[in-house]
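Peer 1: here is the input, now give the coordinates:
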Amino acid sequence: MDKKPNIVYKKEIASKGCVSKLAPVMKPRNLKQLRNLRFKALNSSRISHDSLYNLHEIAYDLTNFVWKITSFPDLICMCGLDDLIEDANKLLMLSNTFQLLSYDTTFQLGDFYVSPLIARYSIFEQKPCVPIVFMIHERKFSSTHQEMFRECVKKIPSLKSSPCPIVVDKEKAIMNAIHMEMPGIPLLLCWNHLFRDVRMWCHKHGAPSSDISVYIADMKRLFHAQSAAEYDSLLYRLLSRIGMLHLKSTLKRKFIALFTALLDAGFWRLIKCIILTVE
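Peer 2: This next block holds a predicted model:
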């Protein structure tokens with residue numbers, strides 16, 4: 001039941017599992033037939049036909065995982081393993097290592113979104129990223145994310161006092177929620193989102209693809225600068241190249257403003273956070 005119907009259908013049609021005379025009755029007739037069979041099997045294994053009842057039954061069954069369900073006005077379900085949450089709380093209390101959290105919302109999965117809080121375990125050599133808390137929700141309101149961080153602070157008390165930054169995209173609902181519930185936590189912008197936004201901005205304003213690749217490469221080098229001198233040198237070169245953009249002068253000024261506004265999300269912003277953590 002875990003495999004997709006189209007994969008099973010192709011595999012069955014291509015295999016020689018029966019005599020050719022029996023193929024019309026032994027092989028699936030079409031993709032729709034397989035989908036119907038899968039739907040029937042999954043439907044028969046459901047706890048009930050009431051989704052909310054199923055959710056609560058699973059919550060009672062998975063002890064110490066699902067810890068809050070709100071059904072009105074919007075469905076919100078928060079879950080996470082107690083052991084991981086306890087480890088994350090201890091991790092954030094360490095003063096000799098630089099920690100990093102990230103929070104984002106997935107694309108819509110059916111009728112819901114999933115927003116995980118992920119911790120980067122820098123105490124290990126490979127620095128794995130581990131999801132510690134999940135929120136399943138219907139809407140992406142600031143109040144929804146506020147509820148998430150309000151509960152996270154209860155479960156992970158060190159979140160409120162820790163200088164550990166949280167990496168987010170530029171979604172205002174998330175940033176406002178963090179500022180409201182954890183005003184002392186510094187926020188960093190996700191580099192992948194920054195590069196994507198710059199690429200989209202350039203395309204929108206008519207920049208050639210060859211130029212865009214150069215600017216993105218320069219931004220990546222700038223964000224990975226290992227010293228102040230290297231950073232300043234690369235920044236000067238970057239702003240000089242922007243002067244050669246195939247754009248109108250007014251758009252060039254806007255582009256330079258966009259770049260300089262995004263630079264604070266780079267390497268040196270991280271260095272500031274590391275210094276604050278050590279101090």
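Peer 1: use CA for all of it now, contacts and neighbours both
Peer 2: Noted.
Peer 1: all helices for the stretch 151-279 of the chain, in order.
Peer 2: 158-161, 172-181, 191-204, 209-223, 228-242, 249-262, 267-278 (DSSP state H, counting those that start in this stretch).
Peer 1: check which helix or strand Met78 maps to.
Peer 2: Per DSSP states H and E: Met78 is located in strand 76-79.
Peer 1: for the helices of the stretch 151-279 of the chain, which has the smallest mean pLDDT value?
Peer 2: Sorting the helices of the stretch 151-279 of the chain by mean pLDDT places helix 267-278 lowest, at a mean of 39.
Peer 1: circling back: tell me the average confidence for the strand holding Met78?
Peer 2: Averaged over strand 76-79, pLDDT sits at 94.
Peer 1: name the helices or strands packed onto that strand?
Peer 2: In terms of contacts (3 or more Cα pairs under 8 Å, 6 or more residues apart in numbering; DSSP states H and E), strand 76-79 is packed against strand 66-70, strand 129-137.
Peer 1: who does that strand pair up with?
Peer 2: Strand 76-79 sits in its sheet next to strand 66-70 (antiparallel), strand 129-137 (antiparallel), going by DSSP bridges.
Peer 1: looking at the helices and strands packed on strand 76-79, which is closest to Thr97?
Peer 2: Nearest of those to Thr97, taken as Cα to Cα: strand 129-137 at 15.2 Å.
Peer 1: just how off-centre is the closest one within its chain?
Peer 2: Using Cα atoms, centre = their mean, to the nearest Å, the mean C-alpha position of strand 129-137 is found 10 Å from that of the whole chain.
Peer 1: got the residue ranges for the helices in the stretch 1-150 of the chain?
Peer 2: Under DSSP H, counting those that start in this stretch, the stretch 1-150 of the chain gives helices at 5-14, 23-26, 31-44, 51-61, 82-92, 142-155.
Peer 1: coming back round to it: give me whichever of the helices and strands packed on strand 76-79 is most buried.
Peer 2: Greatest average neighbour count among those goes to strand 129-137 (a mean of 20), per mean count of other Cα atoms under 10 Å.
Peer 1: per-residue confidence averaged over it?
Peer 2: Strand 129-137 comes out at a mean pLDDT of 93.
Peer 1: ok, now stretch 93-105?
Peer 2: Averaging pLDDT along stretch 93-105 gives 83.
Peer 1: burial count for the residue lying closest to Asp74 once chain neighbours are set aside?
Peer 2: Closest residue to Asp74 apart from its sequence neighbours, by Cα to Cα, 6 or more residues apart in numbering: Glu138 at 6.3 Å. Glu138: 19 surrounding residues under other Cα atoms under 10 Å.
Peer 1: wouldn't Glu138 be in contact with Phe72 here?
Peer 2: No: at 10.7 Å, Glu138 does not count as touching Phe72 under the criterion of Cα atoms under 8 Å.
Peer 1: what do those two both touch?
Peer 2: The contact sets of Glu138 and Phe72 do not overlap (Cα atoms under 8 Å, 6 or more residues apart in numbering).
Peer 1: apart from its chain neighbours, what residue comes closest to Gln182?
Peer 2: One correction, residue 182 is Met, not Gln. Lys160 (5.6 Å).
Peer 1: relative to Phe141, how far out is that neighbour?
Peer 2: Distance of Lys160 to Phe141, given as Cα to Cα, to the nearest Å: 22 Å.
Peer 1: the most centrally placed residue in the chain: what's it in contact with?
Peer 2: Per Cα atoms, centre = their mean, the C-alpha nearest to the average position across the chain is that of Asp104, at 3.7 Å. By Cα under 8 Å, 6+ apart, the contact list for Asp104 reads 115-117, 168-169.
Peer 1: quick one: which of those sit in strands?
Peer 2: Among the contacts of Asp104, DSSP state E puts 115-117, 168 in strands.
Peer 1: report the buried members of those.
Peer 2: Buried residues within those, counting neighbours by 16 or more other Cα atoms under 10 Å: 115-117, 168.
Peer 1: domains of this protein?
Peer 2: Following the assignment in automatic domain parsing, the chain carries domains at 5-44, 52-189, 191-272.
Peer 1: ends of stretch 130-149, how far apart?
Peer 2: 17 Å.
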